[in-house]
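just coords:
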């Protein structure tokens with residue numbers, strides 16, 4: 001197996017993880033575990049962006065580096081609308097709060113809307129992966 005084939009396997013696995021995280025977010029939301037739903041929504045987007053960056057051979061160990069490279073390579077170049085960058089950043093910030101602030105609370109209706117937006121975000125990223 002060559003590097004390109006190995007990278008494609010990793011890309012597919014990251015996209016599968018994104019789908020799994022979205023499904024998990026829906027389950028957590030349905031059970032009223034909103035902080036966990038927020039966590040899974042962020043990770044769904046993170047896994048999708050990780051797959052996208054891997055299409056150009058880029059891998060990072062820090063979440064902030066993934067966000068920065070996504071903004072540099074896709075948002076600033078106009079390949080991805082800036083609204084998606086803002087959504088992704090908000091999920092990151094809320095995930096930080098949900099994971100590290102035990103008193104954090106979230107609105108169930110808002111999380112329901114975010115699930116739909118995260119699904120659209122992941123779909124947008126999948127389309128870019130398929131173009132690459």
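Great, that's in hand. Not measured: the values here are computed from a predicted model.

quick one: which helix or strand includes the residue most central in space within the chain?
With distances taken as Cα atoms, centre = their mean, the chain has residue 45 as the residue nearest its mean C-alpha position (0.7 Å). Secondary structure from DSSP states H and E places residue 45 in helix 34-54.

so how far is that helix off the chain centroid?
3 Å (Cα atoms, centre = their mean, to the nearest Å).

again, but for stretch 118-130
9 Å.

what's the average pLDDT for it?
The average pLDDT for stretch 118-130 rounds to 96.

now the closest residue to residue 84 other than its chain neighbours. Its backbone dihedrals?
In space, residue 84 comes closest to residue 121 once its chain neighbours are excluded; the distance is 5.8 Å by Cβ to Cβ, 6 or more residues apart in numbering. The C-beta positions use only the backbone N, C-alpha and C, and glycine is treated the same way. Here is the backbone geometry of residue 121 (degrees, to the nearest 10): phi -60, psi -50.

no further queries at this time; thank you.
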